[in-house]
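1. would you be able to build a 3D model of this:
(one chain, ligands or ions: 1)
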Amino acid sequence: MVRVCVAAAACAALPDVDVLLWPLNLPDTSPFAHRALTHSLVFAVTAALAIAFVFFSDERWRASRTRIALVLGLALLSHSCLDALSTYSLGIGFFVPFSEQRYRFPWSPLGRPGGTIAGQLRQEALLVFLPAALIAWLAWRIRRRRAVAAPAA
Ligand SMILES: [Zn+2]
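-> Sure thing, here's the model as predicted:
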């Protein structure tokens, strides 16, 4: 379980690996620009399957590898969806390489180009971290309640 959680956390951050290409000064319209290919559905599916195949290939994980790949894919997509809530950049290339169109959700409360870093961090703490912490706390409580109701044999 710890391995899955660590892999999911890494997958949630993985789409921003595209910043390594910033020194190349790629045009914003490039499929390799920030928030393009690595934030796409194709990348999420491919990376989730590859990571599940490579890091969960031993016998212990084999039976649940499909579910693990699904969790990793959702973690990868969560990054792109959170980015789509922001006003930074041109938007998210959800369908790169099939379409260069960039998308942003109609409600994009994160980021103000003229804002300060501290203001943006406060915004993200309120709109991203707080709900995530609440969901994690609720999940922990449900798990704990189930464990108390049905103790392990
Ligand atoms: Zn991103």
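2. touching the ion at all, the helix or strand of the chain with the lowest mean pLDDT?
-> Between all helices and strands in the chain, the lowest mean by mean pLDDT, DSSP states H and E belongs to helix 117-124, at a mean of 83. No: Helix 117-124 is not in contact with the ion by CB under 5 Å from the ion; minimum separation 12.3 Å. Placement of C-beta: from N, CA and C, glycine included.
3. got the contact list for that helix?
-> With CB atoms under 8 Å, 6 or more residues apart in numbering as the test, helix 117-124 has contacts from 109-112, 115.
4. for the next helix or strand after that helix, output the C-alpha coordinates as CSV.
-> Downstream of helix 117-124, the first helix or strand assigned by DSSP states H and E is helix 130-149. Provided in CSV are the C-alpha atoms of helix 130-149 (Å, rounded to 0.1, in the frame of the first residue of the first chain):
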residue,chain,number,x,y,z
LEU,A,130,-7.8,22.1,2.4
PRO,A,131,-10.3,20.0,0.4
ALA,A,132,-7.6,17.3,-0.2
ALA,A,133,-6.9,17.2,3.5
LEU,A,134,-10.6,17.0,4.3
ILE,A,135,-11.1,14.1,1.8
ALA,A,136,-8.0,12.3,3.2
TRP,A,137,-9.4,12.7,6.7
LEU,A,138,-12.8,11.4,5.7
ALA,A,139,-11.2,8.4,4.0
TRP,A,140,-9.1,7.7,7.0
ARG,A,141,-12.2,7.8,9.3
ILE,A,142,-14.1,5.5,7.0
ARG,A,143,-11.2,3.0,6.8
ARG,A,144,-10.9,3.1,10.6
ARG,A,145,-14.6,2.6,11.1
ARG,A,146,-14.6,-0.4,8.8
ALA,A,147,-11.5,-1.9,10.5
VAL,A,148,-13.3,-1.6,13.9
ALA,A,149,-16.5,-3.1,12.5
